[in-house]
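# Here is a sequence with its predicted model. Questions after.
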Amino acid sequence: MKYKRSANTDLEILKSLATQGEADLETIAQKIGKDYTTVLRRIRELEKNKIVELSRLERTEAKGKERKIYRITIMGLYLLSATKFLWENIDTIAQNHKNLLITFSKWDLFVKSGFRSLVVERLITAFSEEARILLWYDYLISSLLRTRISRDEQLEALQHIIDSTVFGLYALTFPGKPEEIEKEKEKLRDFWQLLKTDREIDNWVSLELERLRIRFESDLAGVKRGIEIWKQLAKEG
């Protein structure tokens, strides 16, 4: 029962930060109807797991003390994505968290150009199990290369996966049935034209495609080595 209460409190904290943008402990406590000590305890746990983070310190007038201001991370939004709350408040959340995703930073462009529905649809896909599978793929590759992915690198990877899915990069690069690929490309063609007109998005997509090229060339080289080793074992046997 105690765990369930903590989980419910965590969810309320995340909802509060998602819609407010950022807030101090007292403001959060008032917003969700919990005492300061409970919110402090839960915030510390959420911060430890990179679900929320310290945004800045703000000096108060009284006694000149510094007040901690917190904000939600992309992992926090990922946890909220399983609820209706995120999608019912997506416009407000996008406006308040332009720092989390390029998709959010360009929200006004997408709304003005008539692509809001498409972007929301692709965000839902990006926050789904598909994102988790792709994230674990990065884990697998890092394990094979005997490297460790830090929590901050996990968050960065998740940001890349979400923006890449929204922008349709996987439709450009991942293998699939020809008819499905063509259908996806036709659906996204006008959207891609809009993305090309924005210099920041155009540069980001170009860099991300180059990153994918380097990663998969490295993966392919590893597979080729494995094939040669396996063939050699057969000859030795």
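Arrived safely. Numbering: from 1, shown residues only.
# domain ranges for this protein?
2-72, 77-228 (automatic domain parsing).
# In CSV, list the ones you listed along with mean neighbour count.
Any C-beta I mention is one placed from the backbone N, CA and C, and that applies to glycine too. Output for these, formatted as CSV (neighbours: other C-beta atoms under 10 Å):
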stretch, mean neighbour count
domain 2-72, 15
domain 77-228, 15
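# lowest-confidence stretch among the ones you listed?
Between the domains of the chain, the one with the least mean pLDDT is domain 77-228; it has a mean of 83.
# gap between the two ends of that one?
The stretch domain 77-228 measures 44 Å between its terminal residues, going by C-alpha to C-alpha, to the nearest Å.
# cool, stretch 59-79 as well?
31 Å.
# which ones are touching the closest residue to residue 52 other than its chain neighbours?
Excluding the flanking residues, the one nearest residue 52 by C-beta to C-beta, 6 or more residues apart in numbering is residue 46, at 4.4 Å. Residue 46 makes contacts with 10, 13-14, 52, 76, as judged by C-beta atoms under 8 Å, 6 or more residues apart in numbering.
# And residue 120, by the same measure?
Neighbours of residue 120 in contact, by C-beta under 8 Å, 6+ apart: 87, 90.
# State the distance from it to residue 172.
Counting by C-beta to C-beta, to the nearest Å, the gap from residue 120 to residue 172 is 21 Å.
# Who are the contact partners of the residue nearest the centre of the chain?
Closest residue to the average C-alpha location of the chain: residue 159 at 3.4 Å, with C-alpha atoms, centre = their mean. The neighbours of residue 159, taking C-beta under 8 Å, 6+ apart as the test, are 74, 100-101.
# how about a cut-off of 6 Å?
Each residue near residue 159 by C-beta atoms under 6 Å, 6 or more residues apart in numbering is listed here: residue 74.
# again with residue 119
Per C-beta under 6 Å, 6+ apart, neighbours of residue 119: residue 110.
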